[in-house]
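1. A predicted structure for the sequence below; I have some questions about it.
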There are 2 protein chains.
Amino acid sequence: MQTIKDVAALAGVSDRTVSRVVNGEPNISSKTRARVEDAITRLNYIPNLAARMVRTNRSGVIGLITDVVSTTPNSVEIIRGVQDRVSQSNQSLLIANTSGASYEETRVWRTFQEHRIDGVLFATMYHHEIEFDPTVHNIPTVLVNCFASSADVPAVVPDDMNGGYAAARHAIDKGHARIAFITLNPLILAARLRREGFERAMAEAGLEVRHEWMLPGIEGAIGAERMRAFEVAKELLSTGPGERPTIILTGNDEIAMQCMFAAASLNLRVPEDIAIVGYDDFRMISERVVPPLTTVALPYYEIGSRAADRLFELLAGADNQPFIERLPCPLVQRGSA
Amino acid sequence: MQTIKDVAALAGVSDRTVSRVVNGEPNISSKTRARVEDAITRLNYIPNLAARMVRTNRSGVIGLITDVVSTTPNSVEIIRGVQDRVSQSNQSLLIANTSGASYEETRVWRTFQEHRIDGVLFATMYHHEIEFDPTVHNIPTVLVNCFASSADVPAVVPDDMNGGYAAARHAIDKGHARIAFITLNPLILAARLRREGFERAMAEAGLEVRHEWMLPGIEGAIGAERMRAFEVAKELLSTGPGERPTIILTGNDEIAMQCMFAAASLNLRVPEDIAIVGYDDFRMISERVVPPLTTVALPYYEIGSRAADRLFELLAGADNQPFIERLPCPLVQRGSA
DNA sequence: TTTTGAATTGACGACGTCGACAATTTGATG
DNA sequence: CATCAAATTGTCGACGTCGTCAATTCAAAA
């Protein structure tokens, strides 16, 4: 492989001059620059980042740590958001997956340290609180889709409360008064936050939250959940037209989809007989069910890109106070409500 | 940051000896090794990969290039498959996304070359043929979910023909004779391959492939597709019980889901009145629809891990002939057929 | 105890790049 | 034409690691 010296020899200048051209430093005569650039092209010279790194002690690489990425597709959007920003700022992205195992996590951090990574994005699949001690690794870190309350670590998360509020608001604005909510597993933080938002909107509108219409669609310990939305929805809808809810808000699009199947099994039309609102906006579901789903979008792409931006700010030395940033979850209206 | 020399000083040996311990080289007395390891721990020494890289000219980093990752979640599984293998073999994974733009692709390859990447995995979202000239970049490459017929480049793809065959076989084995197939966009390679497999199974069973039961569920130019599965399925099922198909095979799980909605809108029960088979096994859909979907699984995780394995073989100098490896698509039986 | 071959350890320099600073060239001014 | 500051280019060495090869230590055999 060609080195900077080969280029220098061909261009008839010193290697240092080539270095200057490559790095776009000022004070190079245009004549010299042209000759060097020509030599670079002719030799197809490509700088050796490792060597530069040894010298400058900065890697230009960002690390992304994810836990169990696999089961939900959200992560792709997060990765894409990060990726776009990273490449815009001419850095590279090293990714690693812990599979949720803590010894893996140790290994991953170690690898990142060996690479002298400039900064780390630590992303989780679920929006939840984690334990994180920034002093252990000593690499600038931004948490993504999770947060640490015990220490001041920058974090970017979705505003689930806001999303729950948006869903309820939509129902109320559409004139619904009999509103049910089939939630995520109550053990999950997002479930609690979304319900809070829901309850706030209901309270603001002077509507009563009926206990028997507020039901978990997913139950069981984390890692051993059972999806019960279909049964729950069917039960909920098996009463007379004047008794049952006119709209069901749900904890995610999968639950919403099961509600649609429950409605269909009872010969109820969506949205005429029963309106349904999802959450997450997994487009594979929300755009494909019939009718398409009105749902609250989780801004995963934005979470990823914003997290990357904040990491760059951090690296640039911006002394913005560490804080948790919540991105809004906008309602996407389609046909189901 | 501590260097190998700091460790050497503390342990009272030469830096070269520390290097030997770090790299697990033989012929170190256990006494010396212990002293060095102790010093490493005490100083929390972490080797500088960049420096090692300059010296050895090997990076220990694999690059993954993806095109438009975003729209389907498959890619996550591919990434996970790759990731698992890469970390098992103690390497690192650099990922980059071209967004399908060719100038981005150029930039990405360039970045990888700057990093002196050991090898590249080039993954596409759709299973399709690409143009790829391995001599341009001169980095060992394995194609993932795509292949180049113009040159001998190793590739790992799903065996779509086999999957179409498996779906048809399942239908036939279950005693169905009136079998419909709502396909992917016929412009897509996978659509053609799956149909071929379907037709082969039908021919083997002596069953006639009825033209009017072989319909595209997705139409339009690539990038501007329209999903028409619901209408197509509804039309297909709007005939008398003795006339209509008893099972619908589909091009993917989204189409299958729309078929289920079509069936529901006609008050047909799945699978009693009409059985439905999906393709892809997007578990977010296949496990959540009611009843859960019998479907053909795309082995994305295996594609990723196998591709990584083949790349490592390539790097190890195995002169296995470049060839296209097709991984089987097994049928996953659930409730819908 | 000496010999000897193997095992262990160390000295030195090179990898490709860039920072620090010195040397040279340039061009405007008197 | 001499002067001088600014612009441009070059020299040298260091970054942290490991390959090469030489030096030293060790242990068993003579």
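-> Received the coordinates, thanks.

2. near DNA strand D, which residues of chain A show up?
-> When proximity is defined by C-beta under 7 Å from any atom of the strand, chain A lies next to DNA strand D at A:12-17, A:20, A:26-29, A:31-33, A:51, A:54-55, A:57. For the C-beta atoms, the positions are set from N, CA and C on the backbone; glycine is no exception.

3. Also within reach of chain B: list those from these.
-> With C-beta under 8 Å from any C-beta of the partner chain as the criterion, the members of the residues of chain A next to DNA strand D in contact with chain B are A:51, A:54.

4. Pull up the gap between A:E131 and A:Q113, please.
-> According to C-beta to C-beta, to the nearest Å, A:E131 and A:Q113 sit 20 Å apart.

5. do the same with A:E225
-> Separation of A:E225 from A:Q113 (C-beta to C-beta): 35 Å.

6. Compare neighbour counts for those two and give me the winner.
-> Set A:E225 next to A:Q113 and count neighbours by other C-beta atoms under 10 Å in any protein chain shown: A:Q113 wins out with 20 against 15.

7. For A:T135, what are phi and psi?
-> Torsion angles at A:T135 (phi, psi; degrees, to the nearest 10) stand at phi -70, psi -20.

8. just the one 10 residues further on next, same as before
-> Geometry field for A:N145 lists phi and psi as phi 70, psi 10, criterion degrees, to the nearest 10.

9. my read: it touches A:P158, true?
-> Yes. Applying C-beta atoms under 8 Å as the test, A:N145 and A:P158 come out as touching, 7.3 Å apart.

10. Quick check: neighbours shared by those two?
-> Contact criterion C-beta atoms under 8 Å, 6 or more residues apart in numbering or on different chains; residues bridging A:N145 and A:P158 by contacting each: A:127, A:300, A:303.

11. Please render those as TSV that adds neighbour count and pLDDT to the earlier fields.
-> As requested, those are arranged in TSV below (neighbours: other C-beta atoms under 10 Å in any protein chain shown; pLDDT from 0 to 100):
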residue	neighbour count	pLDDT
A:H127	21	91
A:Y300	26	93
A:I303	25	96
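
12. could you dump those residues to CSV with distance to chain B and secondary structure?
-> Converted to CSV, those look like this (distance: C-beta to the nearest C-beta, whole Å; DSSP: H, G, I helix; E, B strand; the rest coil):
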residue, distance to chain B, secondary structure
A:H127, 18, strand
A:Y300, 10, helix
A:I303, 14, helix
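
13. mind checking the SS state of the nearest residue to A:E199 once chain neighbours are set aside?
-> Excluding its sequence neighbours, the residue lying closest to A:E199 (C-beta to C-beta, 6 or more residues apart in numbering or on different chains) is A:V209, at 5.7 Å. Reducing the assignment to helix, strand or coil with DSSP: H, G, I helix; E, B strand; the rest coil, the entry for A:V209 is coil.

14. Next, the buried residues of stretch A:230-250.
-> A:230, A:232-234, A:236-237, A:244-250 (16 or more other C-beta atoms under 10 Å in any protein chain shown).

15. and what of stretch A:252-269?
-> Buried residues in stretch A:252-269, defined by neighbour count with 16+ other C-beta under 10 Å: A:252-265, A:268.

16. Now do stretch A:229-242: everything it contacts.
-> For stretch A:229-242, contacts defined as C-beta under 8 Å, 6+ apart pick out A:180, A:182, A:213, A:215-218, A:244-245, A:248, A:250, A:254-255, A:258-259, A:261-263, A:265-266, A:268, A:273-274, B:290.

17. quick one, what contacts the residue sitting nearest the centre point of chain A?
-> Per C-alpha atoms, centre = their mean, the C-alpha nearest to the average position across chain A is that of A:Y300, at 3.4 Å. With contacts taken as C-beta under 8 Å, 6+ apart, A:Y300 has the following neighbours: A:74-75, A:77-78, A:81, A:145, A:158.

18. ok, and of those, which contact chain B?
-> Intersecting these with the contacts of chain B gives A:75, A:77 (criterion: C-beta under 8 Å from any C-beta).

19. Now go through the contacts of A:Y300 and say which are in strands.
-> Among the contacts of A:Y300, the ones falling in strands (DSSP state E) are A:145, A:158.

20. Filter the contacts of A:Y300 down to the buried ones, PyMOL style.
-> Buried members of the contacts of A:Y300 can be picked out in PyMOL with the line below, counting by 16+ other C-beta under 10 Å:
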select buried, chain A and resi 74+75+77+78+81+145+158
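
21. any idea which of the contacts of A:Y300 is closest to DNA strand C?
-> The shortest separation between DNA strand C and any of those is 29.2 Å, and it belongs to A:G81 (by C-beta to the nearest atom of the strand).

22. Now name the helix or strand holding the nearest residue in space to that closest one that is not next to it in sequence.
-> The shortest distance from A:G81 to any non-neighbouring residue, by C-beta to C-beta, 6+ apart, is to A:G304 (2.5 Å). If you go by DSSP states H and E, A:G304 is part of helix A:300-315.

23. Render the CA-only coordinates of that helix in CSV, please.
-> Coordinates of each C-alpha in helix A:300-315 appear next as CSV, following Å, rounded to 0.1, in the frame of the first residue of the first chain:
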residue,chain,number,x,y,z
TYR,A,300,-36.6,6.5,16.9
TYR,A,301,-34.7,8.1,14.0
GLU,A,302,-34.7,11.4,15.7
ILE,A,303,-33.7,9.9,19.0
GLY,A,304,-30.7,8.4,17.2
SER,A,305,-29.7,11.5,15.4
ARG,A,306,-30.2,13.7,18.3
ALA,A,307,-28.2,11.5,20.6
ALA,A,308,-25.4,11.6,18.1
ASP,A,309,-25.6,15.4,17.9
ARG,A,310,-25.4,15.6,21.7
LEU,A,311,-22.4,13.3,21.8
PHE,A,312,-20.6,15.6,19.3
GLU,A,313,-21.5,18.6,21.3
LEU,A,314,-20.1,16.9,24.3
LEU,A,315,-16.9,16.0,22.5
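
24. what about that helix, distance to the chain center?
-> From the chain centre to the centre of helix A:300-315 is a distance of 10 Å (C-alpha atoms, centre = their mean, to the nearest Å).

25. quick one: contacts for A:T17?
-> Listed by C-beta under 8 Å, 6+ apart, the contact partners of A:T17 are A:8, A:11, A:28, A:32, A:36.

26. run the last query once more with 10 Å
-> Residues in contact with A:T17, defined by C-beta atoms under 10 Å, 6 or more residues apart in numbering or on different chains, are A:4, A:7-8, A:11, A:25, A:28-29, A:32-33, A:35-36.
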